[in-house]
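K.L.:
My questions concern the predicted model and sequence given below.
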Amino acid sequence: MGAVPWFCGANQHSFKTVNPGTAPDAPGDSPDLLHTINNLKRVPFGTVPTMAETSCPAKKQTLLSPWRRRSQWSATLLLLLTPWFRIDGNSLLRIDIPALTLHFFGQLLRIEELYLVLIFSLILTMGFLLMTMVLGRIWCGWLCPQTTLTDLAEWMATRLGLRGLKHSRKKLLGQKLALQLSFLLLALLVSANLLWYFITPQLFFAQLFSGQLHFSAWIFLLVFTAVIYSDLALVRRLLCRDFCPYGRFQTSLSDQTTLTLHLPESERERCIECNSCVRVCPMEIDIRQGYQIECINCGRCLDACRQVMSNRNQPGLIGYSFGTTGHGAKALLNPRTLLLSLATLVLLIILMFAIYYRPAASLKVSVSHTAASRILNDGNQATFFNAWINNRSREQATYRLKARQTGTNIRLTLKGQTDQIELEAGENSRVDFVLVTPAPENQLGVEFILMDRNGVELAIAEAYIKELQGY
């Protein structure tokens, strides 16, 4: 590379007028002066050329596209691989509909523990609101599965030479069929991945290849495959632009502290009207017209602007900022953001304590509806009960049931399999037994105690025995 002009790296935004017959403000007898004067011949007399009109080397600027693709691939791999991971033999995240159990990071939450799921749902909702309030539509441009699928569909079309074609050509029929087949396979993969959050992948493939997959799973798979294929083939960005409610909902949360992608007013005069930002925008908007709800904050316009301006040895004009007032990250220190952050943190702490201190087992009892209570020959009353015991721990456990009169330590007699009750981790089992008590005059309160093999009380359930009429 030859000598670099003395004005490379200076902040030259436009031609600079100098007095005719004088050289620019160069330091002394610069060895590059002749090179500079020769360059002056290319422009009107009395002006100094801008960076684009000299041989200045372009400054390399950081692009966001590689980071966006990494975040999309990371989120995609997380969704694909989560159903495969296990903690102590339990799925990392799965809803077991037949067992009415939620597998949550190694914990097994039964339907009676839905209050924990409610707290978790509130945390997700408030966290999502907080992210929207602070980061705007970063979710849409960087993490949303719809955006990732659309980007992948457009990449497939480009690889097959079909991107941007306005008219069909017979010689491209093979490529078009290959593209539609790719869409169908991708839709099938996404649908299967969704199903893995209800059926373990190992069981899914075993039942699929053996022909034993339940018909409801087939319906789920076929319906979602059809929906996702239609999205890839027909809808794509139209869903984000016209139908997704999140973009409209986000406008009610954004304020002067929300992260936005925009062209500052101070940089508008530097815009060279190349329209690169418009051409690369997937939502087909012009960021120079100000904030628009269709913008998904993907940063493609930012990269395009940086690439164009780097050829002129100038920084890009478009950028991210918290709000449009130029306060930077300090704008986040506002009451609304701080209160929502505090509420989310409090709920997260409550959830952690609730999970950590929850009992290792649960017990529910009810009077049997299939066997009537009766008076025995010795005058005692026999009442038939059904009990449901849930092992919430991560390992096999052995339990036993005891009964006592409410408010006293008077032991009551249980008949049936109430000792050595073995349950696997997460198992929920029904136990039938008979309670023998003195015939009550009105009603008798009874406490059923679930104990482990060491005699430690784990759970207590209460019931009432009523007097039998006609005896």
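P.N.:
Structure's in. What do you need?

K.L.:
Shouldn't Ser74 be within a strand?
P.N.:
No. Counting by DSSP: H, G, I helix; E, B strand; the rest coil, Ser74 is not part of a strand but helix.

K.L.:
can you give me the mean pLDDT across stretch 406-421?
P.N.:
The pLDDT scores in stretch 406-421 average 89.

K.L.:
How about stretch 435-454?
P.N.:
Mean per-residue pLDDT for stretch 435-454: 89.

K.L.:
How far off centre is that stretch?
P.N.:
Chain-centre distance of stretch 435-454: 48 Å, with Cα atoms, centre = their mean, to the nearest Å.

K.L.:
now the end-to-end length of that stretch.
P.N.:
Counting by Cα to Cα, to the nearest Å, you get 23 Å between the two ends of stretch 435-454.

K.L.:
Now it: buried residues?
P.N.:
Along stretch 435-454, these residues count as buried under the neighbour rule (16 or more other Cβ atoms under 10 Å): Leu435, Thr437, Leu444, Val446, Glu447, Phe448, Ile449, Leu450, Met451. (C-beta placed from N, C-alpha, C; glycine too.)

K.L.:
what element comes up after the helix or strand that the first one is a member of heading to the C-terminus?
P.N.:
Assessed by DSSP states H and E, Leu435 sits inside strand 428-438. Beyond strand 428-438 on the C-terminal side, the first helix or strand identified by DSSP H and E is strand 443-452.

K.L.:
Just checking: what are the partner strands of that next one?
P.N.:
Strand partners for strand 443-452, identified by DSSP bridges, are recorded as strand 397-405 (antiparallel), strand 457-466 (antiparallel).

K.L.:
Return the distance of the residue nearest to Cys274 when sequence neighbours are not counted relative to Asn275.
P.N.:
If the residues on either side of it in the chain are set aside, Cys274 comes closest to Val308, at 5.4 Å by Cβ to Cβ, 6 or more residues apart in numbering. Applying Cβ to Cβ, to the nearest Å, the value for Val308 to Asn275 is 10 Å.

K.L.:
coming back round to it: now name the helix or strand holding the residue nearest to Cys274.
P.N.:
In this structure, Val308 sits in helix 300-310 according to DSSP H and E.

K.L.:
any idea how far the following helix or strand past that helix is from the chain center?
P.N.:
Elements were assigned by DSSP H and E; along the chain past helix 300-310, the next helix or strand is strand 319-322. Between the centre of strand 319-322 and the centre of its chain there are 23 Å (Cα atoms, centre = their mean).

K.L.:
Which elements pack onto strand 319-322?
P.N.:
Here strand 319-322 touches strand 259-262, going by 3 or more Cβ pairs under 8 Å, 6 or more residues apart in numbering; DSSP states H and E.

K.L.:
residues making contact with the strand it packs on?
P.N.:
Contacts made with strand 259-262 from outside it, assessed by Cβ atoms under 8 Å, 6 or more residues apart in numbering, are listed as 134-136, 138, 254, 287, 290-291, 295, 297, 299, 301-302, 318-324.

K.L.:
Now Cys298. Its backbone dihedrals?
P.N.:
Its backbone dihedrals place Cys298 at phi -80, psi -30, with angles given as degrees, to the nearest 10.

K.L.:
Cross-check the contact I'm expecting between it and Trp142.
P.N.:
Yes. At 7.0 Å, Cys298 and Trp142 qualify as touching, with contact defined as Cβ atoms under 8 Å.

K.L.:
Name the residues contacting each of those two.
P.N.:
Overlap between the contact sets of Cys298 and Trp142, as judged by Cβ under 8 Å, 6+ apart, is given by Arg68.

K.L.:
picking that back up, next, the angle from the strand holding Leu435 to strand 443-452.
P.N.:
Our comparison of strand 428-438 with strand 443-452, counting by axes from the mean of the first three to the mean of the last three Cα atoms, to 10 degrees, yields an angle of 140 degrees.

K.L.:
returning to what we had before: worst average pLDDT in the strands paired with strand 443-452?
P.N.:
Among the strands paired with strand 443-452, strand 457-466 scores lowest, with a mean of 90.
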